[in-house]
Each structure stands twice: as C-alpha cells, then as structure tokens.
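*Asks:* Provided below are the primary sequence and the corresponding predicted coordinates.
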Amino acid sequence: MSLHTLDHYNPPPDEGLQLLYADDTLLLVDKPSGLLSVPGRGAGFDDCLIARAQRQYPEALIVHRLDMATSGILLLARGPVMQRVLSLQFASRAVRKTYTALVEGKLTGEGRSTLPLICDWPNRPRQIVDLRLGKRACTDWQALHYDAAKACSRVALQPHTGRTHQLRVHMQALGHPILGDGLYATAAGLAAAPRLMLHASRLQLPHPLSGELLDIHCPAPF
C-alpha cells in the first residue's frame with residue numbers, strides 16, 4: 001500500500017526480529033503484516049522492517065520490498081556489496097518467490113495470468129489492467145484448497161515479474177480478489193478478514209558466494 005493512502009500508521013509491536021536464516025552475507029526475515037518494509041514519507045512513518053533489523057544488524061540493507069499489508073519472507077543484504085549482488089539476482093530472475101493467499105470464492109485448477117498492469121493514476125496507488133498501455137506482468141497460480149464454510153480458496157502464487165500490486169490485481173481480474181484487500185476486495189471479502197491475506201511463504205535463490213540453493217519456507221499464519 002502506498003503512503004498516499006495513509007492518514008495514520010499503527011505498526012505492530014516490535015517483538016524482535018523474526019530470523020529465518022542468517023549468515024555473513026544475507027538475512028532472511030519474516031515481516032509481519034502492517035509493518036512497512038522501508039521508512040515512509042513524512043513524520044510518523046519511521047518504524048519499519050529495515051529500521052528494526054538495523055538495530056541488531058547495523059549493516060543490513062534492503063534488497064526488495066513487500067507491501068505493508070503483506071507478511072512473510074523478506075531478503076536483506078549485509079553490506080552494500082552483497083546488496084548489489086543480490087539485487088542483480090532479482091533483476092536476472094534468479095530468485096523464485098512463492099506466496100500463499102486466501103481469495104474470495106471457489107477457485108480450482110491452476111493457470112497463468114499475463115494481464116499487463118498500469119497505475120490508475122487518478123486513484124493511485126490502485127493498479128489496473130490495461131491491454132494497450134500496461135506493462136508486462138506474469139503470475140502463475142495454483143488452487144490448493146476450498147473452504148466451503150468460509151467461501152474462500154487457498155492458493156499458491158508465483159510472480160515472474162515484480163509489478164506493483166501484481167498478485168492482488170491479477171487475482172481480482174480472475175474474479176477472486178484476496179481477502180482483506182482494502183483496494184481490490186469486494187465489501188464482503190474485505191469484511192471477511194482482519195488483514196490482507198497474502199503471505200510470502202517461500203523464497204529460493206542461489207547463495208551469492210557458494211551458489212548453493214537456499215530454499216527458505218515460512219508458513220502463512222492464516
């Protein structure tokens with residue numbers, strides 16, 4: 001979520017850095033929902049994941065970001081050299097990310113969405129599908145389970161591009177917006193969850209020094 005839409009910010013309590021993996025080159029941490037990845041603009045938006053991490057690891061630097069409402073695995077570099085190396089891995093698509101989401105309605109099977117996306121500028125930070133002017137976006141999705149009692153489906157999502165709100169807009173365009181999404185859910189879907197039900201649950205990347213595959217899992221808290 002962009003700070004253009006925020007008139008207040010109530011980050012979750014700081015209960016300590018939730019480390020998933022650490023060595024001399026990188027950190028993998030579990031970011032809670034409701035916490036910014038980096039500081040926001042203006043007063044009152046300083047508390048964020050990187051600030052909390054730097055209290056324990058002063059050399060930690062951000063490599064990528066998660067939306068404030070999204071929880072899960074975030075990769076941090078230990079120092080500027082590793083930040084450049086890891087950023088290049090993201091740019092070359094050497095990093096594979098998997099998200100878990102709860103979406104409205106019954107979704108079955110699997111598929112790929114390649115709908116191009118662009119900012120809905122008068123209504124930013126909303127993004128919209130634009131077949132003529134939109135930028136390329138690609139998401140693989142797989143339905144995992146349908147909860148008939150709650151009328152929602154658990155899905156696995158793998159983005160192959162990194163557009164703003166990509167997973168959220170692609171699921172909305174499929175007719176299955178993510179529960180708790182203040183920008184894209186229906187009124188019922190927004191009321192059905194206390195937060196955005198989107199979690200970065202798996203991250204795979206070659207270690208920047210050894211080349212060995214790191215495969216980090218962080219189960220969704222929902």
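*Replies:* Thanks, I have it. Numbering: from 1, shown residues only.
*Asks:* drop to CA atoms for contacts and neighbour counts, all remaining ones
*Replies:* Will do.
*Asks:* Nearest to the spatial middle of this protein, which residue is it?
*Replies:* Closest to where the C-alpha atoms of the chain average out (CA atoms, centre = their mean) is residue 66, at 4.0 Å.
*Asks:* Could you find the closest non-adjacent residue to that residue?
*Replies:* residue 37 (6.2 Å; CA to CA, 6 or more residues apart in numbering).
*Asks:* Would it be right to say that residue 88 lies in a helix?
*Replies:* Yes - under DSSP: H, G, I helix; E, B strand; the rest coil, residue 88 sits within a helix.
*Asks:* now for the helix or strand where residue 101 lies, which elements pack on it?
*Replies:* Taking DSSP states H and E as the criterion, residue 101 maps to strand 96-104. With contacts taken as 3 or more CA pairs under 8 Å, 6 or more residues apart in numbering; DSSP states H and E, strand 96-104 sits against strand 152-159, strand 198-206.
*Asks:* Tabulate these in JSON lines, adding columns for mean neighbour count, distance to residue 170 and mean pLDDT.
*Replies:* Output for the helices and strands packed on strand 96-104, formatted as JSON lines (neighbours: other CA atoms under 10 Å; distance: least, CA to CA, whole Å; pLDDT from 0 to 100):
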{"stretch": "strand 152-159", "mean neighbour count": "22", "distance to residue 170": "10", "mean pLDDT": "98"}
{"stretch": "strand 198-206", "mean neighbour count": "22", "distance to residue 170": "13", "mean pLDDT": "98"}
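*Asks:* between these, which gets nearest to residue 96?
*Replies:* Nearest to residue 96, of all the helices and strands packed on strand 96-104, is strand 198-206, at 5.1 Å by CA to CA.
*Asks:* Centre of the chain to stretch 189-209, how far?
*Replies:* The chain centroid and the centroid of stretch 189-209 are separated by 5 Å under CA atoms, centre = their mean, to the nearest Å.
*Asks:* Outside of it itself, list whatever touches it.
*Replies:* With CA atoms under 8 Å, 6 or more residues apart in numbering as the test, stretch 189-209 has contacts from 25, 33, 69-74, 82, 85-86, 94-104, 177-182, 212-220, 222.
*Asks:* swap in stretch 96-107?
*Replies:* Contact partners of stretch 96-107, identified using CA under 8 Å, 6+ apart, comprise 143, 146, 151-160, 171, 176-179, 189, 197-205, 220.
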